[in-house]
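>>> Based on what follows, work out the 3D shape:
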Amino acid sequence: MSSPLRRVKDIASITIRGRTYDLDDELRINPDDLQTEFLDQPRKAAFWGALHRRELAVLREKEETAEMLKQRFFKEIWDALVADGSKPYDSYVWSLVYVEEMVANARKEVRERKAVVEALRNVVEAFEHRKSSLINLGASSRRENESLTIRKRSSNNG
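Next up, the predicted model:
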């Protein structure tokens, strides 16, 4: 299983439902246009947060489906063994459940979805860091502009 978050030619990317997003582009801050960056930040953060929540909901669905399949197969295998006159042990029945193809596939889907959700959680955290960086850049730019204004005033007065 490959991770949904990977590095391709030094570009971090994530593929969700067949669409690949270039995280370097998504997270990049243009210091020459901080106003636009400030205005875009909430929209971008909301998009990635919503995508994370949606994929988390899908993960929960997949987990429930896998659990229901496991329980169904457990009961079917247990009942079949009892009908044959066996006294099955839980561990033996569970070992048979986990090799059922449908259960194995459902568990694989859960693992893959968990990887996607974890990758998206990391992207959401990266947008929180981006927000902090924007605030720091804005404050630094403001201090720089104030410093230039003070120098201009003092050079005009001198």
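
>>> how about stretch 64-72: buried residues?
By neighbour count with 16 or more other CB atoms under 10 Å, stretch 64-72 contains the buried residues Ala66, Leu69, Lys70. C-beta here means a position set from N, CA and C on the backbone, and glycine is covered the same way.

>>> just stretch 82-99 next, same as before
Buried, per 16+ other CB under 10 Å, within stretch 82-99: Val93, Leu96, Val97.

>>> Now do the helices in the chain.
Listed in chain order, the helices of the chain (DSSP state H) span residues 23-27, 34-83, 90-98, 101-157.

>>> possible to save those as TSV with mean pLDDT?
Converted to TSV, the helices of the chain look like this (pLDDT from 0 to 100):
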stretch	mean pLDDT
helix 23-27	88
helix 34-83	95
helix 90-98	96
helix 101-157	87
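
>>> Take these and lay them out in JSON lines including distance to Ile16.
Listed next are these as JSON lines, based on distance: least, CB to CB, whole Å:
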{"stretch": "helix 23-27", "distance to Ile16": "11"}
{"stretch": "helix 34-83", "distance to Ile16": "6"}
{"stretch": "helix 90-98", "distance to Ile16": "29"}
{"stretch": "helix 101-157", "distance to Ile16": "7"}
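
>>> Done for today, thanks.
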